[in-house]
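**Student:** can't give you the sequence, but here's the structure:
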């Protein structure tokens, strides 16, 4: 069992002062006689306590290293920030409340807040359904006329490049304890963007 501050003061009193000082061995024996139910102290422990008192003037525990714990008020401020603005970032909350970003992240994790991403879906116009049907009929007719038609199609991944600061899924979050199913429609033929889509070629 580790010694507390009261035990250390008691050991100092057992050591004594001036001509009435006891040896470390005598202090260990006396402490054991007064506390037989506790683990005996060693001479090195007595020596450290005496040396600490001579150097520092006290035998209190040194302050613990590391960051101080965040109080309840700060935690509430972080949660309120997310409630008032679910799209806030950890960096913004950290700057507004003047606390570390890791502390903000730990608080969000503690209250089970998760940064959900926006889900982008294509906006459908009224004639899109007819155009899809026409495209399917076109592909079926060509495939019936030429059995190797599908084999001549080269598919590639679609990539869209926005030039007007359109929503970026990587930089957009929604802090919540439950999935808000947040979606946003966007135009596939926006005038300020470049688009590379799959294409095909016929022999």
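**Tutor:** Everything's here; your move. From a predicted model like this one, the values you see are computed outputs, not experimental measurements.
**Student:** so for stretch 5-23, what gets flagged as buried?
**Tutor:** 7, 8, 9, 10, 11, 12, 14, 15 (16 or more other CB atoms under 10 Å). Yep, even glycine has a C-beta here, placed from its N, CA and C like the rest.
**Student:** gap between the second one and residue 61?
**Tutor:** Applying CB to CB, to the nearest Å, the value for residue 8 to residue 61 is 9 Å.
**Student:** now swap in the fourth one and tell me
**Tutor:** Using CB to CB, one gets 16 Å for the distance from residue 10 to residue 61.
**Student:** per-residue pLDDT, the nearest residue to residue 12 once chain neighbours are set aside?
**Tutor:** Spatially, and ignoring its direct neighbours in sequence, residue 12 is nearest to residue 53 (5.9 Å; CB to CB, 6 or more residues apart in numbering). The per-residue pLDDT reported for residue 53 equals 87.
**Student:** so residue 53 touches residue 59, yeah?
**Tutor:** Yes - between residue 53 and residue 59 there is a contact at 5.5 Å, judged by CB atoms under 8 Å.
**Student:** output the lowest mean pLDDT helix or strand found in this protein.
**Tutor:** Sorted by mean pLDDT, DSSP states H and E, the helices and strands of the chain end with strand 199-200, the least confident at a mean of 40.
**Student:** quick one: the helices in the chain?
**Tutor:** 5-15, 24-34, 43-56, 72-84, 90-97, 101-110, 128-145 (DSSP state H).
**Student:** same list (these) but as a markdown table, adding distance to residue 178.
**Tutor:** Below are these laid out as a markdown table (distance: least, CB to CB, whole Å):
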| stretch | distance to residue 178 |
| --- | --- |
| helix 5-15 | 48 |
| helix 24-34 | 59 |
| helix 43-56 | 53 |
| helix 72-84 | 13 |
| helix 90-97 | 19 |
| helix 101-110 | 14 |
| helix 128-145 | 32 |
